[in-house]
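*Asks:* sequence plus predicted model, see below.
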Amino acid sequence: MSSSDIFIGETIGTAILILLGGGVCAAVTLKASKARNAGWVAIALGWGFAVMVGAYISTPLSGAHLNPALTLALAIKDGNWSDVPVYWGGQLLGAMIGATLVWIAYYGQFHAHLTDKEIVGGPGAQSGTAKAVEAQEKGAGPVLGVFSTGPEIRNTWQNLATEIIGTFVLVLAILTQGLNQDGDGLGALGVLITSFVVVGIGLSLGGPTGYAINPARDLGPRIVHALLPLPNKGGSDWSYAWVPVAGPLIGAAVAAGVYNVAFA
């Protein structure tokens, strides 16, 4: 694989991943969406399908890492670090493009949601329904969850541990079951297996933090949230932003170490 193929594949694949994954978050969250309040199962399934579509599209070009944590794990497994910056650059750019496309697709819903006094607060709002206002005071705006993750209970060591554990499961499953014959990316069957693993992680381990398990998935859209001209959008919760970056990278490194010791 050439560097250009890797960068293009990761950019396109990650953009599709975030478009469909962030899209299901927008569909479930935003006012005037037909899928509003569809629930956590819809989100978990939506992200699983997002992984599947993005990975199948990008597999021929880049091996469909779509996740800096997986790229790190494969570099540790194989000892080849030369393409890591190219993978990471494509993944971050793709995540930002995907988040921007979610904003475009749900432009009217974002406006309706963020101009509703019961959601963002203001004169005439009922204090008992202004949960989002409380979130804004903690640094997270009322639509930040469409773009990136945040904890239900803000406990740094627990939040970090949850991301480490979830990513460990994801990466170890990929390393043992999901790689192609060359061992440098996902195979055709591996994409399907990985998609189901992501659904399982979402259903079982997603409750505490929203299961980023992918630094680009969280950081890229968080940057876009900070840059977009959304009315009453609130903060981007930068004090928490390091957790869904560091946790997945640590979890992936541990998974790669376990794989090299126990399976290689």
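*Replies:* Nice, thanks for sending it over. Numbers count the residues shown, from 1 in each chain.

*Asks:* helices of the stretch 51-200 of the chain, start to end?
*Replies:* Using DSSP state H, counting those that start in this stretch, the helices found in the stretch 51-200 of the chain span residues 68-78, 84-105, 107-114, 117-120, 131-137, 144-147, 156-173, 188-205.

*Asks:* Ile57: which of the ones you listed is closest?
*Replies:* When those are compared by Cβ to Cβ, helix 188-205 sits nearest Ile57, at 9.9 Å. Bear in mind the C-beta positions are built from the backbone N, C-alpha and C, glycine included.

*Asks:* just to revisit the earlier point, just give me the lowest mean pLDDT stretch among the helices of the stretch 51-200 of the chain.
*Replies:* Among the helices of the stretch 51-200 of the chain, helix 131-137 has the lowest mean pLDDT, at a mean of 45.

*Asks:* one step back: reformat the helices of the stretch 51-200 of the chain as JSON lines; add mean neighbour count and distance to Phe49.
*Replies:* JSON lines is the format used below for these (neighbours: other Cβ atoms under 10 Å; distance: least, Cβ to Cβ, whole Å):
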{"stretch": "helix 68-78", "mean neighbour count": "24", "distance to Phe49": "18"}
{"stretch": "helix 84-105", "mean neighbour count": "21", "distance to Phe49": "14"}
{"stretch": "helix 107-114", "mean neighbour count": "18", "distance to Phe49": "20"}
{"stretch": "helix 117-120", "mean neighbour count": "18", "distance to Phe49": "28"}
{"stretch": "helix 131-137", "mean neighbour count": "16", "distance to Phe49": "27"}
{"stretch": "helix 144-147", "mean neighbour count": "24", "distance to Phe49": "17"}
{"stretch": "helix 156-173", "mean neighbour count": "22", "distance to Phe49": "16"}
{"stretch": "helix 188-205", "mean neighbour count": "19", "distance to Phe49": "7"}
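
*Asks:* what's the closest of those helices to Thr29?
*Replies:* That would be helix 144-147 among those, by Cβ to Cβ, at 5.6 Å.

*Asks:* now for the closest one, which elements pack on it?
*Replies:* Applying 3 or more Cβ pairs under 8 Å, 6 or more residues apart in numbering; DSSP states H and E, we find helix 144-147 packed against helix 3-29, helix 84-105, helix 215-227.

*Asks:* among the ones you listed, which comes closest to His113?
*Replies:* Of all the helices and strands packed on helix 144-147, helix 3-29 comes closest under Cβ to Cβ, at 7.6 Å.

*Asks:* just the buried positions in that closest one, please.
*Replies:* Residues of helix 3-29 classed as buried: 6-29 (neighbour count, 16 or more other Cβ atoms under 10 Å).

*Asks:* what does stretch 26-45 give?
*Replies:* Ala26, Ala27, Val28, Thr29, Leu30, Lys31, Ser33, Ala38, Ile43, Ala44, Leu45.

*Asks:* how close does the fifth one get to Gly108?
*Replies:* Same thing as Leu30. To Gly108, Leu30 is 9 Å away according to Cβ to Cβ, to the nearest Å.

*Asks:* now do the fourth one
*Replies:* Between Thr29 and Gly108 the computed distance is 14 Å (Cβ to Cβ).

*Asks:* just the first one next, same as before
*Replies:* Separation of Ala26 from Gly108 (Cβ to Cβ) stands at 11 Å.

*Asks:* gap between the nearest residue to Tyr56 once chain neighbours are set aside and Thr209?
*Replies:* Counting by Cβ to Cβ, 6 or more residues apart in numbering, Val191 is the residue found nearest to Tyr56 once chain neighbours are left out, at 5.5 Å. Note on Val191: its distance to Thr209, by Cβ to Cβ, is 25 Å.

*Asks:* same check, this time on Phe110
*Replies:* Using Cβ to Cβ, one gets 23 Å for the distance from Phe110 to Thr209.

*Asks:* cool, and Ala112?
*Replies:* As defined by Cβ to Cβ, Ala112 lies at a distance of 28 Å from Thr209.

*Asks:* give me the pLDDT for the residue nearest the centre of the chain.
*Replies:* Residue closest to the mean C-alpha point of the chain, counted by Cα atoms, centre = their mean, is Arg217 at 3.1 Å. pLDDT for Arg217: 98.
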